[in-house]
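Asker: Sequence below, structure please.
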Amino acid sequence: EALKAADLLTAQGLPPTVADARFAKPIDTALVENLARNHAVLITLEEGAIGGFGAQVGQHLANTGLLDHVRFRPMTLPDIFIDHNTQDAQYEQAGLTAPHIVKTALSALGIGDMLSMNLPNRATGTKS
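Answerer: Numbering: from 1, shown residues only. Here you go, the predicted structure:
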């Protein structure tokens, strides 16, 4: 979903950096600091609940003062029970699909839904 979101953002002239954080703990502080210093927005995605990887990144950004310089948005699974279903349906319910990620990025940039009119509709495959 992160790569799909990156493609959607790039198509709108907002090419992001996607970093695969294959570590959980300890976090790669050099990578996190580099991303925070060189980007307006830092979004973490995780298939876990609040208090995981995103919380570790947020704490590190706060401790180093970098939280003052980057718009940080952690995206996690909501604190609800998600029924057994297809992965796509579960991501949709959790708010972790590419369009959700794009909306989070645009909101963090202060763009809001201005570009969402050109994003494909997942249900129909057409642009809305």
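Asker: Could you look up the SS state of the residue nearest in space to the middle of the chain?
Answerer: The chain has Ile43 as the residue nearest its centroid, 4.0 Å off, counting by CA atoms, centre = their mean. Secondary structure assignment for Ile43 (DSSP: H, G, I helix; E, B strand; the rest coil): strand.
Asker: Give me the distance between it and Leu109.
Answerer: Remark: distance between Ile43 and Leu109 (CB to CB, to the nearest Å) = 11 Å. Every C-beta, even on glycine, is put in place using the N, C-alpha and C of the backbone.
Asker: Also Ala2?
Answerer: In terms of CB to CB, Ala2 sits 17 Å off from Leu109.
Asker: Could you do Ala30 as well?
Answerer: 25 Å.
Asker: Can you pick out the residue with more neighbours from the two?
Answerer: Between Ala30 and Leu109, counted using other CB atoms under 10 Å, the more crowded position is Leu109 (15 against 8).
Asker: List the residues that contact the more buried one.
Answerer: Contact partners of Leu109, counting by CB atoms under 8 Å, 6 or more residues apart in numbering, are 14, 40-41, 71.
Asker: Now distance to Pro26 and secondary structure too, for these, in JSON lines please.
Answerer: Shown next, in JSON lines, are the contacts of Leu109 (distance: CB to CB, whole Å; DSSP: H, G, I helix; E, B strand; the rest coil):
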{"residue": "Leu14", "distance to Pro26": "31", "secondary structure": "coil"}
{"residue": "Ala40", "distance to Pro26": "26", "secondary structure": "coil"}
{"residue": "Val41", "distance to Pro26": "24", "secondary structure": "strand"}
{"residue": "Arg71", "distance to Pro26": "24", "secondary structure": "strand"}
